[in-house]
Each structure stands twice: as structure tokens, then as C-alpha cells.
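A.B. asks: sequence first, predicted model second:
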There are 2 protein chains.
Amino acid sequence: MKTNSRMKSYYAVIFSSLRSVEDTPGYEETAARMLRLAEKQPGFLGFESVRDRHGAGISVSYWKNKKSIKYWKNQAEHSFAQKKGRTLWYKQYKIRIALVKDEYEYIKNDDLT
Amino acid sequence: MKTNSRMKSYYAVIFSSLRSVEDTPGYEETAARMLRLAEKQPGFLGFESVRDRHGAGISVSYWKNKKSIKYWKNQAEHSFAQKKGRTLWYKQYKIRIALVKDEYEYIKNDDLT
């Protein structure tokens, strides 16, 4: 078991979405491709994503600064994917850009419990 | 279809977690109870939560300021639930406290498409 706290300063992009009811093709491939692309962008720090069986999803990507977020938002292939997302894949979404100021982590150490 | 952008200033608490493999009792009830309690706290603005079938979850709660986050963290019943969470329900989790600076929203208007 470990709990720690560190003062941080980096950005989180919180993407909350609801998929379209229809299982429109191309979504999974594009999502995987976008993650591979994002990982190569300057300032990319990490990514977490969860979607449930009702089509609700929350994805959070982490970035060094606002400049790297803006750069990724306007990257040509990503920009095209965003347009397809609005047309085909998402019923609604909300994006929040937030400055991470503090973090805590807990990892259960089964060897000690 | 609607897309808008507004400058914001409020806080997000991003809770990324992995549930324990065992289906330990009490989790659903406590999670629902905690949400009802949180909604009554001063400074509570909203809550979004998604968990997939593998036990990975991302929950984000939104708060007016850091003071309201601290108050909720230390609220007696919530504090007890956090301890049970570490003992029984979570294999690991990470909490990030972040200041939301900007947001965009997209809602598909099916009447117009």
C-alpha cells in the first residue's frame, strides 16, 4: 500500500462523451489510431479512457502545457477525426481543459496485506 | 448541433480507479450514498462517472473551489468510505485536483440533421 501527494503542474483534457446509438463503422480503428498519433505529439504525458456498455465514456489525456494541447487539437489528421466524430460517432460530448495542481495515488500491495 | 466555448474557473477532481477483483459487498450502496451526500455539500457543481466491465473507472466531480473539495474530503462519513475503499473495493486509484480553465460542448440536434 502506498499513498503519496505531490504538487504538480500539467494539464488534463477531460473528454466526456455519449456515443451514437448506431454502431457506425470506423470508430474503434480511428480511436486507436488517434491514441498512437497523440503519443507522438510534443508534450503528451499520458492517457486514460473508460467506456461503459451504455455508450457513456470519459477519456482524460495529460499534457505538458496549453501549447501542446492546442497543437494536438489542430493536428491535421486529428482535426479530420474530430469532424467525423461529430458527424458519425458522438451524440454529445464535453471537453474541459484543466490545470492539474495536486495528485494522490493509492496502490494496493497484495504482498503486504 | 451546437458548439460553444466559455472561459471557466472551477475545479475538477479526477478519480481514476481499478476495482478489486473480488466482488466485495457494499460498494454500489456506498457509491450511491456518497453521491447523494456529495450533492448536498457546499460548492458541489456536478458529477460524471463511467466504469467498464473490466473494473476500470473514471469519475470526475466538479467543485466551486478548493475549500469545498477539502471540506468534502474530510467529511466524516466520506472519510470512513474512503478507508473502506482502500481496504475492500479498490486495487488502485489516482486522484488529481485540477482547475478547469476552458470548456467546449457539442450536442447533436437530431431535428436538424
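C.D. replies: Everything's here; your move.
A.B. asks: how about low-confidence regions in chain A?
C.D. replies: Residue ranges of chain A with pLDDT under 70: A:1-8, A:110-113.
A.B. asks: ok, A:Thr30 touching A:Ala81?
C.D. replies: Yes. The pair A:Thr30 and A:Ala81 passes the contact test of C-beta atoms under 8 Å, sitting 5.3 Å apart. Just so you know, the C-beta spots here come from the backbone N, C-alpha and C atoms, and that holds for glycine as well.
A.B. asks: for chain B, see how far away A:Glu28 is.
C.D. replies: 14 Å (C-beta to the nearest C-beta, to the nearest Å).
A.B. asks: residue of chain A nearest chain B, please.
C.D. replies: A:Ala98 (3.7 Å; C-beta to the nearest C-beta).
A.B. asks: check contacts around the nearest residue to A:Asn65 once chain neighbours are set aside.
C.D. replies: Distance criterion C-beta to C-beta, 6 or more residues apart in numbering or on different chains; nearest residue to A:Asn65, sequence neighbours excluded, is A:Gly43 at 6.0 Å. Going by C-beta atoms under 8 Å, 6 or more residues apart in numbering or on different chains, A:Gly43 touches A:63-65, A:67-69, A:71-72.
A.B. asks: narrow those to those in helices?
C.D. replies: Per DSSP state H, helices hold the following members of these: A:67-69, A:71-72.
A.B. asks: one step back: show the buried residues in the contacts of A:Gly43.
C.D. replies: Buried members of the contacts of A:Gly43, counted by 16 or more other C-beta atoms under 10 Å in any protein chain shown: A:63, A:68-69, A:71-72.
A.B. asks: may I ask which two of these are separated the most?
C.D. replies: Using C-beta to C-beta, the two most remote members of the buried ones among the contacts of A:Gly43 are A:Trp63 and A:Tyr71, lying 9.3 Å apart.
A.B. asks: what ranges do the strands span in chain A?
C.D. replies: With DSSP state E as the criterion, chain A has strands at A:2-19, A:44-51, A:56-63, A:90-107.
A.B. asks: what parts of chain A come near chain B?
C.D. replies: Those residues of chain A that sit near chain B, judged by C-beta under 8 Å from any C-beta of the partner chain, are A:1, A:8, A:12, A:14, A:16, A:20, A:48-53, A:56-60, A:86, A:90-108.
A.B. asks: and the buried ones among these, selectable in ChimeraX?
C.D. replies: Buried subset of the residues of chain A next to chain B, written as a ChimeraX selection, criterion 16+ other C-beta under 10 Å:
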select /A:12,14,16,20,48,49,50,51,56,57,58,59,60,90,92,93,95,96,97,98,99,100,102,103,106,108
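A.B. asks: ok, the closest residue to A:Gly57 other than its chain neighbours to B:His54 distance?
C.D. replies: Once flanking residues are discounted, A:Gly57 sits nearest to A:Arg51: 3.7 Å by C-beta to C-beta, 6+ apart. Computed as C-beta to C-beta, to the nearest Å, the A:Arg51 to B:His54 distance reads 11 Å.
A.B. asks: re earlier: check contacts around the residue of chain A closest to chain B.
C.D. replies: Applying C-beta under 8 Å, 6+ apart, the residues near A:Ala98 are A:11-14, B:12, B:98-101.
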